[in-house]
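> Predicted model follows, preceded by the sequence.
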Amino acid sequence: MKQSRIPLTIDSIISNVKDERPKPNCIRCGDCCEAFYMENEFVDQFRSYFQRIVSKEVHSKELEWTKVQTVDNKCVFLFPDNTCSIYKYRPKTCRDFGNMDFLECPKIGPDGKERTEKEFERIKERNTNSSLWSDEYKNSILNEAKERIKLLKTREGKK
């Protein structure tokens, strides 16, 4: 017997938060667009938007997430010109990237100028070391995780 699943809407997949933070001066280098874990529903819904050759998919059954890895380890949605095929619907991680309070671009500063090697290393460390993240960013991730757990528990109760 097929188990019923609670479908996710696009609003539950993408962040619904009003984004009023300043946007970065993106030079479309594509360095920030790497493979990452996404909800299975998101992968399924946007599979037709894949722009790169998939080398493998890594699935986390417990969290119902998938990491779609490409031959060049870039995001599967990244066009050859380093623009995004799902920009309007991009995940929260992508929406946060480049904002000074969250995941700052290590290559280009808010003034549009290229950063020094020292600045690059400092920001790269800050982006990858969670102990250096702002409380606001940690709380946003925690709240998102709590919502994910509630959704999964609801699904478990419906099976």
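Cool, the structure landed.

> Surely Val71 is in contact with Lys56?
No - counting by CB atoms under 8 Å, Val71 stays clear of Lys56, with 9.8 Å between them. Just so you know, the C-beta spots here come from the backbone N, C-alpha and C atoms, and that holds for glycine as well.

> Torsion angles phi and psi at His59?
phi -110, psi 140 (degrees, to the nearest 10).

> Would you check how far apart it and Trp133 are?
Using CB to CB, to the nearest Å, His59 is found at 27 Å from Trp133.

> Which one's more surrounded, those two?
A direct count of neighbours by other CB atoms under 10 Å for His59 and Trp133 places Trp133 higher, at 18 against 14.

> count of neighbours near the closest residue to the more buried one other than its chain neighbours?
Computed as CB to CB, 6 or more residues apart in numbering, the closest residue to Trp133 that is not its neighbour in sequence is Arg126, at 7.6 Å. Counted with other CB under 10 Å, residues neighbouring Arg126 total 16.

> which SS class is the most centrally placed residue in the chain?
The centroid of the chain falls nearest to Thr93 when counting by CA atoms, centre = their mean (3.1 Å). Three-state call for Thr93 (DSSP: H, G, I helix; E, B strand; the rest coil): helix.

> where does Thr66 land in three-state SS?
Thr66 is classified as strand under three-state DSSP.

> any idea how far Gln51 is from it?
Applying CB to CB to Thr66 and Gln51 gives a distance of 17 Å.

> Quick check on the residue nearest to Trp133: phi, psi?
With angles defined as degrees, to the nearest 10, Arg126 sits at phi -60, psi -40.

> residue contacts, it?
Arg126 sits next to 104, 132-133 when contact means CB atoms under 8 Å, 6 or more residues apart in numbering.

> could those be laid out in a markdown table, adding pLDDT and distance to Ile27?
Listed next are those as a markdown table, based on pLDDT from 0 to 100; distance: CB to CB, whole Å:
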| residue | pLDDT | distance to Ile27 |
| --- | --- | --- |
| Glu104 | 82 | 14 |
| Leu132 | 82 | 24 |
| Trp133 | 80 | 24 |
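
> I'd assumed Phe36 was in contact with the residue nearest to the centre of the chain.
Yes - with contacts counted by CB under 8 Å, Thr93 reaches Phe36, the gap being 6.1 Å.

> show me where this structure has helices.
Using DSSP state H, the helices of the chain run over 10-13, 40-46, 92-96, 117-128, 135-158.
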